[in-house]
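**Student:** Sharing a model prediction with you, sequence too.
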Amino acid sequence: MSHTVITTTTTGSSGSRTPGHGALNLGYSRTLPGLMKTGQMIALLVAFLCVHCAHGWPSWAAFQFFEVVTLWFLIAFLIFFLMHLFRLQAKMPCINWPLTEFFHYSVGTLLIVIASIVAAVKSGGVSALVAGSVFGFIATFLMAVSLWTSYNVTCGSHQTGAAV
């Protein structure tokens, strides 16, 4: 089965591109998905730094897992944010980006909530580790909201123009 992608460019009356069609999409950072990604990245960064800078880990393996998971998804969401900011998903139409983001949100939500629960249980009263787990739960909440909104976009009901 062959697929054809057709792209069109609109120009103003003077022949120049309109401001909304530039290479940089700064408006994305002010949309709800952009603000959610920013909040997730900040919460994951603070969670990672709280655990990374803490001294006296009661359980080394648990907090290493927490660090790896938070750093991995911080980098993944930063890449997705930059892709939307620079409109790179339009340059790679062979990948279904909404489905890819849905997959990352679902795996990320699951792994971050597991890591946050383990960190909260194994914190041993060390305040930095408790703070890290709290920010992990905040990131989990933000990722669950993004998962729900991306599910509605990816798998929700699609309206058709056909009348029965």
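**Tutor:** Yep, it's here. Small disclaimer: the values here were computed from a predicted structure and weren't measured. Residues are numbered from 1 along each chain as shown.

**Student:** and residue 34, what helix or strand is that in?
**Tutor:** helix 32-52 (DSSP states H and E).

**Student:** what about the longest helix in this structure?
**Tutor:** helix 127-155 (DSSP state H).

**Student:** List the buried residues in that helix.
**Tutor:** Neighbour-count burial for helix 127-155 flags 128-147, 149-150, 154 (criterion: 16 or more other Cβ atoms under 10 Å). From N, CA and C alone the C-beta is placed, and that goes for glycine too.

**Student:** Output the contacting helices and strands for the helix or strand following the helix holding residue 34.
**Tutor:** Using DSSP H and E, the helix or strand that directly follows helix 32-52 along the chain is helix 60-85. Secondary-structure packing of helix 60-85 (3 or more Cβ pairs under 8 Å, 6 or more residues apart in numbering; DSSP states H and E): helix 32-52, helix 97-121, helix 127-155.

**Student:** Among these, which comes closest to residue 90?
**Tutor:** Each of those has some distance to residue 90 by Cβ to Cβ; the shortest is helix 97-121, at 9.3 Å.

**Student:** Could you check the angle the closest one makes with helix 60-85?
**Tutor:** Between helix 97-121 and helix 60-85, the angle comes out at 150 degrees (axes from the mean of the first three to the mean of the last three Cα atoms, to 10 degrees).

**Student:** Output the contacting helices and strands for helix 97-121.
**Tutor:** helix 32-52, helix 60-85, helix 127-155.

**Student:** rank those by pLDDT, which is bottom?
**Tutor:** Of all these, helix 127-155 carries the lowest average pLDDT, namely a mean of 90.

**Student:** now that helix: how far from the chain's centre is it?
**Tutor:** Relative to its chain's centre, helix 127-155 lies at 9 Å (Cα atoms, centre = their mean, to the nearest Å).

**Student:** And the residue nearest the centre of the protein?
**Tutor:** residue 77 (3.8 Å; Cα atoms, centre = their mean).

**Student:** Show me what the longest helix of the chain is packed up against.
**Tutor:** By 3+ Cβ pairs under 8 Å, 6+ apart, helix 127-155 packs against helix 32-52, helix 60-85, helix 97-121.

**Student:** Need the contact partners of the first one.
**Tutor:** What it means is helix 32-52. 28-29, 63, 66-67, 70-71, 73-74, 77-78, 80-81, 84, 112, 116, 119, 128-129, 131-133, 135-136, 138-139, 142-143, 145-146, 149 (Cβ atoms under 8 Å, 6 or more residues apart in numbering).
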